[in-house]
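just a sequence and a predicted model for now, questions to come.
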Amino acid sequence: MLRRLLALLLLASTCACAAPDGLRVELQPLSPYVHRFATEAGAGRIDYYFVAPPRRLDARFRARLRDAVEAAASNSADEAALRSIYVYRARDGIGAAFRGTPETLRGRHFNALLSYTRWSGGQLDMFYLMESGRVVFDVLADTPVSPPWEFE
């Protein structure tokens, strides 16, 4: 009986670990949620989200992340001239309980940044994936960035 229970627990934990690769990416709002600012071209807006850390940045994950980011951008009627979405990996200090500022995210949690997306004049013109604060993949060009460069 104990062996069966252990086998079931092992199977359940294996399945639970494998499940995230098959699921869609769910963006969760990250405080400060939205930062508005003025630019020479007009109003600017930055949205902040977090996601469960991906196992790998493979093509399937990139496609699901892009769908989630574009859906989040389309859910807003905001017509900002410059619009960005920052997506962070959930980790210690980053999650639903976070109550920091954009400066805290750019400083203390810089290495947790997973992606940066920008629309300029309503056109998606940047979508980068990051690891340890460095751009490693250009999603729009669908190519790895080599050598990786530090995101600012």
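Thanks, I have it.

how about the contacts made by the residue nearest to residue 39 when sequence neighbours are not counted?
Excluding its sequence neighbours, the residue lying closest to residue 39 (Cβ to Cβ, 6 or more residues apart in numbering) is residue 82, at 5.3 Å. Yep, even glycine has a C-beta here, placed from its N, CA and C like the rest. Listed by Cβ atoms under 8 Å, 6 or more residues apart in numbering, the contact partners of residue 82 are 39, 41, 42, 43, 44, 45, 118, 119, 120.

stretch 71-87: which residues count as buried?
Using 16 or more other Cβ atoms under 10 Å as the test for burial, stretch 71-87 gives 72, 73, 80, 81, 82, 83, 84, 85, 86, 87.

any chance of a markdown table for the residues you listed, columns distance to residue 141 and secondary structure?
Compiled in a markdown table, those are given as follows (distance: Cβ to Cβ, whole Å; DSSP: H, G, I helix; E, B strand; the rest coil):
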| residue | distance to residue 141 | secondary structure |
| --- | --- | --- |
| 72 | 21 | helix |
| 73 | 19 | helix |
| 80 | 24 | coil |
| 81 | 24 | coil |
| 82 | 21 | strand |
| 83 | 20 | strand |
| 84 | 18 | strand |
| 85 | 18 | strand |
| 86 | 20 | strand |
| 87 | 19 | strand |
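
between those, which sits nearest residue 99?
Nearest to residue 99 among these, counting by Cβ to Cβ, is residue 86 at 16.3 Å.
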